[in-house]
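Chemist: Just to be clear, the model below is a prediction. Sequence and coordinates:
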Amino acid sequence: MFLASGAAMTAVAVHQVWSARDSLAQSEKFLNLYTARHYDADNQVYEGFFNKTGIKVNFVEAPADVLIERVKSEGVNSPADVIITVDGGNLWRTQQEGLFQKVPANSRLYTAIPENLRDPDGYWFGFTKRARVIMHNKSRVKPTDIARYEDLADTKWRGKVIVRSSSNVYNQSLVGSMIAANGEPQTEAWAKGVVANFARKPEGNDTTQIKEVAAGIGDLTLANTYYLVRLARSSKPEDRDIASKVGVIFPNQGDRGTHINISGGGIARYAPNREAAIQFLEYLTTPEAQQIFAGSNYEYPVLQGVPKDEVLASFGDFKEDSLNAKIFGELNDTALKLMDRAGWT
Ligand SMILES: [Fe+2]
């Protein structure tokens, strides 16, 4: 049975939540989810939650900045109970805007989710992990040719590095993690080195970068692993051909580990259905929800022992950077300005 009432990125979707609030009998249990995730399989998680608790999930899907603006403008009358977004930078921003409330200290979210994947003050929690790795053209670069993010600035890669622009939060978070590790002056020098190695001006999304590496426009790029899995699992032979030409290098295995980001969420500040919101967030840490929630976007579950997508698993195990997402969230603005100064635009 399909129960959720969401629709993508439209005013109509908001209307559905409002009308749900107005028209549903108070005896009928429901919660309103605002989510920046946009994967069809997430519906199975909402259905699983309903089957377990009898609580319906009404949801709105929109990009993080749209959701943030919407909840801000709704103010104390916001129907949002749970806000989910992707990237620690966006979670931190949502918290800074005062749109989350603290999850009570007795919630099992604090024990289920590793410390580095949640806000130290309990405002937001990570439910899936994504790794931002170096991807290489297999016929031009051997996996042993490059070992660290820092090496992308090496002059031997002149004209070989392709990236997306500094306006993208994924790269802002990665650069934030490098500022945390190496300091701002050293990271700025690194960013200038990377810019000097650009094969072309930054453009496109992660999938664009992977396609251009496969086509030999550049040898190396930065991308989240799930984009390569998507291509490998595509029904289109041309996508699978692209994926077969591109390899994954997990950077910084000899030191701090590969940069990890999260998708996650928290209870909305003025949640009308607060108890249901807590139950829903806790449900996201069950093995059944973890497998679907991570699997729907070929991400890594935050719960140990939950099976990963097979193609994702085939990239191998690796050491993760344990830096808390809050730190690169806080450094987001510094990272963006640094990238712009370096010409990463
Ligand atoms: Fe993404």
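Modeler: Noted; the coordinates are in hand.

Chemist: ok, and what's touching stretch 110-124?
Modeler: 91-92, 94-95, 100-103, 105, 109, 125-127, 129, 260, 262, 264-266, 282, 285, 302-303, 322-326 (Cβ atoms under 8 Å, 6 or more residues apart in numbering). Yep, even glycine has a C-beta here, placed from its N, CA and C like the rest.

Chemist: Filter those down to the buried ones.
Modeler: Buried by 16 or more other Cβ atoms under 10 Å: 91-92, 94-95, 100-101, 103, 109, 125-127, 129, 260, 262, 264-266, 282, 285, 302-303, 323-326, out of the contacts of stretch 110-124.

Chemist: Correct me if wrong: D255 contacts R148.
Modeler: Yes - with contact defined as Cβ atoms under 8 Å, D255 reaches R148; the gap is 7.3 Å.

Chemist: Just want to know which of these two has more residues nearby.
Modeler: The residue with more neighbours, out of D255 and R148, is R148; 16 against 12, by other Cβ atoms under 10 Å.

Chemist: what sits against the more buried one?
Modeler: For R148, the contacting residues are P251, N252, G254, D255, by Cβ under 8 Å, 6+ apart.

Chemist: Check D206 too.
Modeler: Contacts of D206 (Cβ under 8 Å, 6+ apart): R164, Y170, A223, N224, Y227.

Chemist: Just want to check the distance between it and V213.
Modeler: From D206 over to V213 the distance is 11 Å, taken as Cβ to Cβ, to the nearest Å.

Chemist: check contacts around K211.
Modeler: K211 touches I242, counting by Cβ under 8 Å, 6+ apart.

Chemist: Also the one 4 residues further on?
Modeler: A215 makes contact with no residue, according to Cβ under 8 Å, 6+ apart.

Chemist: about what we covered before: list buried residues within the contacts of R148.
Modeler: Using 16+ other Cβ under 10 Å, the buried ones in the contacts of R148 are P251, N252.

Chemist: Tell me which of the contacts of R148 fall in strands.
Modeler: Among the contacts of R148, DSSP state E puts none in strands.

Chemist: now, among the contacts of R148, which is nearest to R140?
Modeler: R140 lies nearest to P251 out of these, by Cβ to Cβ, at 17.8 Å.

Chemist: and that closest one, what is it in contact with?
Modeler: Contacts for P251 (Cβ under 8 Å, 6+ apart) come out as V133, I134, I146, A147, R148, Y149, T258, H259.

Chemist: any idea how far K326 is from the fifth one?
Modeler: Taking Cβ to Cβ as the measure, R148 falls 24 Å from K326.

Chemist: same check, this time on the last one
Modeler: Between H259 and K326 the computed distance is 15 Å (Cβ to Cβ).

Chemist: other SSEs contacting the top strand by length along the chain?
Modeler: Ranked by residue count, the top strand of the chain under DSSP E comes out as strand 125-137. When contacts are defined as 3 or more Cβ pairs under 8 Å, 6 or more residues apart in numbering; DSSP states H and E, strand 125-137 sits against helix 169-182, helix 206-214, strand 220-224, helix 225-232, strand 246-249, strand 260-268, helix 287-295, strand 300-301.

Chemist: I'd say G48 and P287 touch.
Modeler: No - with contact defined as Cβ under 8 Å, G48 does not reach P287; the gap is 11.1 Å.
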